[in-house]
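# The following comprises the amino acid sequence and a computationally predicted model.
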Amino acid sequence: MLNLTSPILSDGLTTRSISCPNYSLRGFVNPSSKPRPLTAKPHQEIKTPHLSAVAANATEPLLFSSRAHERDQKDRRDQKDKLVVIMGATGSGKSRLSVDLANIFSGEIVNSDKLQFYNGLEITTNQMTVQERQGVPHHLLGEVEPEDGELTAAEFRSAAARAISGIVSRGNLPILAGGSNSFVHALLAERWDPETYPFNGRGSICSDLRYDCCFIWIDVAPPLLFEYHSRRVDKMLERGMFEELAELYDPKNDPGESWTRIGLWKSIGVPEFDRYFRKYPPQKTREAANRDDWDAARKSAYDRAVREVKENTFLLAMKQIEKIQKLRSAGWDIRRVDAAAWFRSALSSPDGDGGSGGRRCKEIWEREILEPCVERVRDEVFCLGEKQMTATYY
């Protein structure tokens, strides 16, 4: 059992609220408007009839029974908590979208990338920096120490459910974001068997979900995604991925032993560069930091490791997309958002990944990705029509 920052709850945790959370539509609705329940429409005055009027129109005596109170309490408990679930292949923009939506809808983010649970390899695993999080609360991100072992799907199911319950209790919107689809299924499935794997043909995908989910799938054509991954890996290496992996490398670990490939050590980049570091140990790497001085054999070994990282990242992305398609086929209402236009713009930007693409990249992101997702969340989570919103979220 792992030691998380937040205690693990038992799997008997309920995912129902006693009352509807009072979500705030920060940046979307007039801030002077009064809080309202989810079912109320904006600017609609909710009037409670006087008791005498109710009694006058009643055909039977007005009874205040404990039975009626119990029915009302049961109806409230049976209402599932609402949850936005952002899905997609690695590198598709899930983290960026989750922060944008959280800023608009007063949300908090629960991480569902099983390699980002751990404290370490922030560059290699593409954890969002504090600056990129923009002050939005994140849960289960960098909270597990690698030495504590591997976080299981059952532990994630309990810990994430507790995080979501806490977010709802604060009146905020929980947003689940990450690419570990087996963990997403473990969390959301009403009936879940920890002994089976839902994507290998022997297990089954549960279509009955514990939450009222609004699914968003950021998708892009494989050729664009492969090119983007290639450039992103290059950027990660520039930011210090190579040095980060050198710090983690331990020559005592036998790459053939299964225990050395658990938790954080499963990250793409670790096994690929382990083979390099065995031939060129990190202490010698630090002595020869200037790669222009490397001989041809060493440059070739390095280039091979980089190439394998890029290829394995793309293979992971294809597996993630395949699992999302299986979830859709099983009845999950996962709506696809085509991100091709933004990826083309990002690849043509000066830095090759959209980070400094300027106004054009930002406009395409907002028009092609953010706006459709805002509409979906608004319609499904808040049940609000087009004319009832003030679209001032940019």
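Thanks, I have it.
# ok, residue 306 - how many residues close by?
Look at residue 306: counted by other Cβ atoms under 10 Å, it has 19 neighbours. Where you see a C-beta, it was placed from the backbone N, CA and C, and this is true even at glycine.
# Could you number the chain from 693 rather than 1 from now on?
From this message on, residue numbering opens at 693, which makes the last subject residue 998.
# Could you report the pLDDT at it?
The model reports residue 998 with a pLDDT of 97.
# part of a helix, is it?
Yes - Residue 998: assigned to a helix according to DSSP: H, G, I helix; E, B strand; the rest coil.
# For it, which residues are in contact?
Listed by Cβ atoms under 8 Å, 6 or more residues apart in numbering, the contact set of residue 998 reads 925, 929.
# what's the answer for residue 812, then?
834, 838, 940, 956 are the contacts of residue 812 under Cβ under 8 Å, 6+ apart.
# where are the low-confidence patches of the stretch 693-842 of the chain?
693-770 (pLDDT under 70).
# again, 90 this time
693-771, 838-842 (pLDDT under 90).
# Top of the contacts of residue 812 by number of neighbours, please.
residue 956 leads the contacts of residue 812 on contacts (other Cβ under 10 Å) with 22 neighbours.
# Pipe the contacts of residue 812 into a markdown table and attach secondary structure per row.
Output for the contacts of residue 812, formatted as a markdown table (three-state DSSP):
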| residue | secondary structure |
| --- | --- |
| 834 | coil |
| 838 | helix |
| 940 | helix |
| 956 | helix |
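# Most widely separated two among the residues you listed?
834 and 940 (14.8 Å; Cβ to Cβ).
# The chain: strands as residue ranges?
774-780, 799-803, 830-831, 865-869, 904-911, 1026-1030 (DSSP state E).
# Which elements pack onto the fourth one?
Based on contacts counted as 3 or more Cβ pairs under 8 Å, 6 or more residues apart in numbering; DSSP states H and E, the elements that strand 865-869 packs against are strand 774-780, helix 786-797, strand 799-803, helix 845-861.
# Parallel or antiparallel, list what pairs with that strand.
According to DSSP bridges, strand 865-869 forms sheet pairs with strand 774-780 (parallel), strand 799-803 (parallel).
# Put together a markdown table for these, with mean neighbour count and distance to residue 914 on each row.
Listed next are those as a markdown table, based on neighbours: other Cβ atoms under 10 Å; distance: least, Cβ to Cβ, whole Å:
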| stretch | mean neighbour count | distance to residue 914 |
| --- | --- | --- |
| strand 774-780 | 25 | 13 |
| strand 799-803 | 26 | 25 |
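# Using TSV, please lay out these together with distance to residue 829.
As requested, the strands paired with strand 865-869 are exported to TSV (distance: least, Cβ to Cβ, whole Å):
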stretch	distance to residue 829
strand 774-780	15
strand 799-803	4
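# between those strands, which one is nearest to residue 866?
strand 774-780 (5.2 Å).
# what is the orientation angle of that closest one with strand 1026-1030?
Orientation check (axes from the mean of the first three to the mean of the last three Cα atoms, to 10 degrees): strand 774-780 against strand 1026-1030 gives 50 degrees.
# From the chain's centroid, how far away is strand 774-780?
Chain-centre distance of strand 774-780: 7 Å, with Cα atoms, centre = their mean, to the nearest Å.
# if we look at that strand, which residues are touching it?
Strand 774-780 has contacts (Cβ under 8 Å, 6+ apart) with 713, 715, 730, 786, 789-790, 793, 797, 799, 856, 865-869, 871, 873, 876, 880, 903-911, 1012, 1016, 1026, 1069, 1073.
# That one vs strand 904-911, what angle?
When the same axes, to 10 degrees is applied, the directions of strand 774-780 and strand 904-911 differ by 20 degrees.
# picking that back up, nearest to residue 1004, of the strands of the chain?
Here strand 774-780 is closest among the strands of the chain (Cβ to Cβ), at 17.8 Å.
# then the closest one to PDB, C-alphas only?
The C-alpha atoms that make up strand 774-780 are tabulated as PDB, following Å, rounded to 0.1, in the frame of the first residue of the first chain:
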ATOM      1  CA  LYS A 774     -20.900  15.500 -12.400                       C
ATOM      2  CA  LEU A 775     -17.400  14.900 -13.800                       C
ATOM      3  CA  VAL A 776     -15.700  16.300 -16.900                       C
ATOM      4  CA  VAL A 777     -13.400  13.600 -18.400                       C
ATOM      5  CA  ILE A 778     -10.700  14.800 -20.800                       C
ATOM      6  CA  MET A 779      -9.200  12.000 -22.900                       C
ATOM      7  CA  GLY A 780      -6.700  11.600 -25.700                       C
END
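# gap between residue 1060 and residue 1039?
Per Cβ to Cβ, to the nearest Å, residue 1060 is found 14 Å from residue 1039.
# Am I right that residue 909 is in contact with residue 1031?
No - if you go by Cβ atoms under 8 Å, residue 909 and residue 1031 don't touch, sitting 9.8 Å apart.
# quick one: low-confidence parts of the stretch 843-992 of the chain?
892-896, 940-957, 973-987.
# where exactly do the helices run in it?
845-861, 873-880, 914-931, 933-940, 962-971, 974-979, 988-1021 (DSSP state H, counting those that start in this stretch).
# ok, and which of these has the densest surroundings?
With neighbours defined as mean count of other Cβ atoms under 10 Å, the helices of the stretch 843-992 of the chain peak in mean count at helix 873-880, which reaches a mean of 23.
# contacts for that helix?
Applying Cβ under 8 Å, 6+ apart, the contact partners of helix 873-880 are 775, 777, 779, 804, 806, 845-846, 848-849, 852-853, 868, 870, 884, 886, 889-891, 897-898, 901-903, 905, 1012, 1015-1016, 1019.
# Restricting to C-alpha, output stretch 786-796 in CSV.
Taking Å, rounded to 0.1, in the frame of the first residue of the first chain, the C-alpha atoms of stretch 786-796 are listed here in CSV:
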residue,chain,number,x,y,z
LYS,A,786,-5.3,17.3,-22.4
SER,A,787,-3.5,19.1,-19.6
ARG,A,788,-3.8,22.5,-21.4
LEU,A,789,-7.5,22.0,-22.0
SER,A,790,-8.1,20.9,-18.4
VAL,A,791,-6.6,24.1,-17.1
ASP,A,792,-8.5,26.3,-19.6
LEU,A,793,-11.8,24.6,-18.6
ALA,A,794,-11.0,24.8,-14.9
ASN,A,795,-10.4,28.5,-15.2
ILE,A,796,-13.7,29.0,-16.9
